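Undergrad: The sequence and its predicted three-dimensional model are supplied below.
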Amino acid sequence: MNVSVELSMYPLQDDYKPKIKNFLDMLNSGAGEVEIRTSNMSTRIFGEFDTVNALLNECMKKSMQRYGKIVFVCKYLQGDARELSGYE
């Protein structure tokens, strides 16, 4: 089953930009068959459910272990939102 995930990251510390950049670098380096699109406010991830979740779990866990308290907000949609008009 394919999913589309919209993800936002909120580190609860000062100097948050390098922490977000590090997370995005980890996410993109492990992408494989997952498509990742990043904008100013969120990152959208498209791919097979288990593959997307494995990547998110790994990257979120590493970020929390490294930086401490971080809020991740994830919205899941079953299917491929790239096909929806006006999603961009």
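TA: Nice, thanks for sending it over.

Undergrad: use CA for all of it now, contacts and neighbours both
TA: OK.

Undergrad: Where does pLDDT dip in the chain?
TA: Along the chain, the parts satisfying pLDDT under 70 run over 85-88.

Undergrad: Now with 50, please.
TA: Judged against pLDDT under 50, the chain has no low-scoring part.

Undergrad: which helix of it spans the most residues?
TA: Longest helix in the chain by number of residues (criterion: DSSP state H): helix 49-67.

Undergrad: Can you name the residues in contact with it?
TA: 1-3, 11, 19, 23, 26-27, 30-31, 34, 45-46, 70, 72 (Cα atoms under 8 Å, 6 or more residues apart in numbering).

Undergrad: Please pick the buried ones from the residues you listed.
TA: 3, 11, 19, 23, 26-27, 31, 34, 45-46, 70 (16 or more other Cα atoms under 10 Å).

Undergrad: separation between Y10 and L84?
TA: Going from Y10 to L84 by Cα to Cα, to the nearest Å gives 27 Å.

Undergrad: I figured V5 was touching D80, is that so?
TA: No. Using Cα atoms under 8 Å, V5 is not in contact with D80, being 9.4 Å away.
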